[in-house]
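J.: Return atomic coordinates for the entry below.
(one chain, ligands or ions: 2)
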Amino acid sequence: MPKESYFKRSKAHYTGRVFIILAAMKITKLTLYRVPPRWMFLKIETDEGITGWGEPVIEGRARTVEAAVNELSEYLVGQDPLRINDLWQVMYRGGFYRGGAILMSAIAGIDQALWDIKGKALGVPVYQLLGGLVRDRMKMYSWVGGDRPADVIDGINTLREIGINTFKMNGTEELGIIDTAAAVDAAVSRVAQIRDTFGNAIEFGIDFHGRVAAPMAKVLLRELEPYRPLFVEEPVLAEQAEYYPRLADSTAIPLAAGERMYSRFEFKHVFQRGGIAIVQPDLSHAGGITECVKIAAMAEAYDVALAPHCPLGPVALAACLQVDFVSHNAVLQEQSMGIHYNRGAELLDYVVNKEDFQIIDGYFAPLPKPGLGVVVDEERIVAASMNVTDWRNPLWRHPDGSVAEW
Ligand SMILES: O=C(O)[C@H](O)[C@@H](O)[C@@H](O)[C@H](O)CO
Ligand SMILES: [Mg+2]
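T.: Ligands and ions are numbered 1, 2, ... in the order given. Here you go, the predicted structure:
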């Protein structure tokens with residue numbers, strides 16, 4: 001049992017005349033665990049016996065993020081974990097270079113663990129520290145169809161049996177900058193089949209997954225429009241963000257993006273240019289809770305919805321839900337249960353309080369426990385980290401042998 005928490009101890013010394021400032025809590029150790037299927041958990045320990053957990057990872061580059069977290073820990077050990085804002089600014093600004101997938105994912109996982117510590121020290125869920133609940137439950141969605149979107153109908157039928165009615169799938173397989181009518185027809189017929197089978201009883205987003213170049217995005221959006229997908233995600237790669245407003249002008253389908261943008265300073269250009277109806281920052285890639293609540297607030301000012309990206313593990317999902325429950329514009333939460341990447345471990349395999357992640361009629365309830373609200377099975381994490389292979393995303397090539405976007 002952790003020693004009496006920092007704040008309780010401090011309160012006990014409030015004499016009415018003087019508040020004896022006790023030595024602040026200190027970070028004592030950071031430990032990383034790479035585990036199947038492709039996740040990495042971070043444990044931050046303190047001298048008060050309170051431990052926080054985070055999930056810093058870039059899928060396929062876990063060891064690179066591990067190195068970044070270890071470099072940041074040189075500063076963090078000995079610091080007060082409750083000074084989250086200052087530590088975030090030091091991690092972001094203190095190394096001169098900033099931003100990008102690796103550094104922002106390292107900061108994200110550390111930030112998640114710091115919020116976990118703070119909530120545990122005060123005995124409240126993180127959402128209470130961010131102003132309390134803005135909703136009573138949070139709508140979620142599930143992946144169907146895998147990398148090469150096949151048998152989506154079976155996948156949808158199976159998940160509907162447990163009350164899920166909102167889905168996401170890949171829109172295409174490899175697609176050339178300019179591709180054929182047959183490739184377009186394959187993408188459209190799959191979506192037509194969903195609407196034919198389920199009508200409006202279900203909703204679905206289509207992830208172009210960065211596989212579609214601007215010329216083909218315009219063609220596909222036009223052909224998909226009659227089937228009214230809930231959104232089209234990453235209609236083009238984030239580095240082609242200048243196309244978002246132009247593509248948005250060509251379609252009524254809401255466009256979504258954000259998993260490959262890593263800070264407010266990237267999202268602000270998207271907000272200013274317009275075109276994106278739903279932003280999808282990833283709580284484990286975009287600087288963590290501290291940064292994503294700011295992105296959510298910016299989005300709300302532009303009447304843009306929030307749907308945090310989360311194909312990862314339970315700590316990342318818990319961090320997403322803490323932001324969802326304080327953000328008025330949060331509309332949908334991705335989660336990785338049954339996702340085609342989860343080979344070797346499933347979403348809740350490392351979680352003790354599985355019941356808190358129950359999906360009821362396609363919704364999550366607020367996580368009730370202090371901190372992020374996830375109680376990890378540390379023994380299982382440590383054991384799994386002993387025998388882990390490095391996950392890599394597939395390398396796709398076009399028929400002519402050139403590299404294709406996966
Ligand atoms: O929307 C999603 O979940 C993502 O596009 C997801 O498929 C990728 O981020 C994948 O995790 C990269 O390795
Ligand atoms: Mg995506």
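J.: can you map out the helices along the stretch 251-400 of the chain?
T.: Shown for the stretch 251-400 of the chain, the helices assigned by DSSP state H, counting those that start in this stretch span residues 264-273, 288-301, 314-324, 378-386.
J.: For ligand 1, which of the ones you listed is the nearest?
T.: helix 314-324 (10.8 Å; C-beta to the nearest ligand atom). Bear in mind the C-beta positions are built from the backbone N, C-alpha and C, glycine included.
J.: got the end-to-end distance for stretch 375-391?
T.: Terminal residues of stretch 375-391 lie 25 Å apart, using C-alpha to C-alpha, to the nearest Å.
J.: Which residues of the stretch 1-150 of the chain lie near ligand 1?
T.: Contact residues, the stretch 1-150 of the chain versus ligand 1 (C-beta under 6 Å from any ligand atom): 59-60.
J.: same question, the stretch 251-400 of the chain
T.: For the stretch 251-400 of the chain, the contact set with ligand 1 under C-beta under 6 Å from any ligand atom comprises 259, 309, 311, 334, 393.
J.: What does the closest residue in space to Q358 that isn't next to it in sequence show for phi and psi?
T.: Excluding the flanking residues, the one nearest Q358 by C-beta to C-beta, 6 or more residues apart in numbering is A365, at 7.4 Å. Dihedral angles of A365 (phi, psi; degrees, to the nearest 10) stand at phi -90, psi 160.
J.: For A365, list the residues it contacts.
T.: Shown in contact with A365 (C-beta atoms under 8 Å, 6 or more residues apart in numbering): 136-137, 356, 358.
J.: any idea how far ligand 2 is from it?
T.: Between A365 and ligand 2 the computed distance is 25 Å (C-beta to the ion, to the nearest Å).
J.: State the number of residues packed around L82.
T.: Residues contacting L82 under the criterion other C-beta atoms under 10 Å number 18.
J.: Leaving aside the residues adjacent along the chain, what's closest to it?
T.: In space, and not counting its chain neighbours, L82 is closest to K118: 5.5 Å by C-beta to C-beta, 6+ apart.
J.: residues touching that neighbour, list them.
T.: The neighbours of K118, taking C-beta under 8 Å, 6+ apart as the test, are 52, 81-82, 84, 126, 129, 371.
J.: quick one: it from D80, how far?
T.: Per C-beta to C-beta, to the nearest Å, K118 is found 10 Å from D80.
J.: of all of the stretch 51-200 of the chain, which residue lies closest to ligand 1?
T.: Using C-beta to the nearest ligand atom, the closest approach of the stretch 51-200 of the chain to ligand 1 is made by E59 at 3.4 Å.
J.: of the contacts of A365, buried ones?
T.: For the contacts of A365, a burial check counting by 16 or more other C-beta atoms under 10 Å picks out D356.
J.: Mind putting the contacts of A365 into a markdown table with pLDDT and distance to I162?
T.: Shown next, in a markdown table, are the contacts of A365 (pLDDT from 0 to 100; distance: C-beta to C-beta, whole Å):
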| residue | pLDDT | distance to I162 |
| --- | --- | --- |
| D136 | 98 | 20 |
| R137 | 98 | 16 |
| D356 | 98 | 17 |
| Q358 | 97 | 10 |
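J.: could the contacts of A365 go into CSV alongside distance to E239?
T.: Putting the contacts of A365 into CSV (distance: C-beta to C-beta, whole Å) gives the following:
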residue, distance to E239
D136, 39
R137, 36
D356, 38
Q358, 39
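J.: Please name the spatially closest residue to H398 (chain neighbours excluded).
T.: H398 sits nearest to A404 (C-beta to C-beta, 6+ apart), 4.8 Å away.
J.: That neighbour is in contact with R397, isn't it?
T.: Yes - counting by C-beta atoms under 8 Å, R397 is a contact partner of A404 at 5.6 Å.
J.: Between the two, point out the one with more neighbours.
T.: A count of neighbours by other C-beta under 10 Å puts A404 above the other of A404 and R397, at 17 against 11.
J.: Find me the pLDDT at the residue nearest to H398, would you?
T.: Here the pLDDT value assigned to A404 is 98.
J.: Phi and psi next, for it.
T.: With angles defined as degrees, to the nearest 10, A404 sits at phi -110, psi 150.
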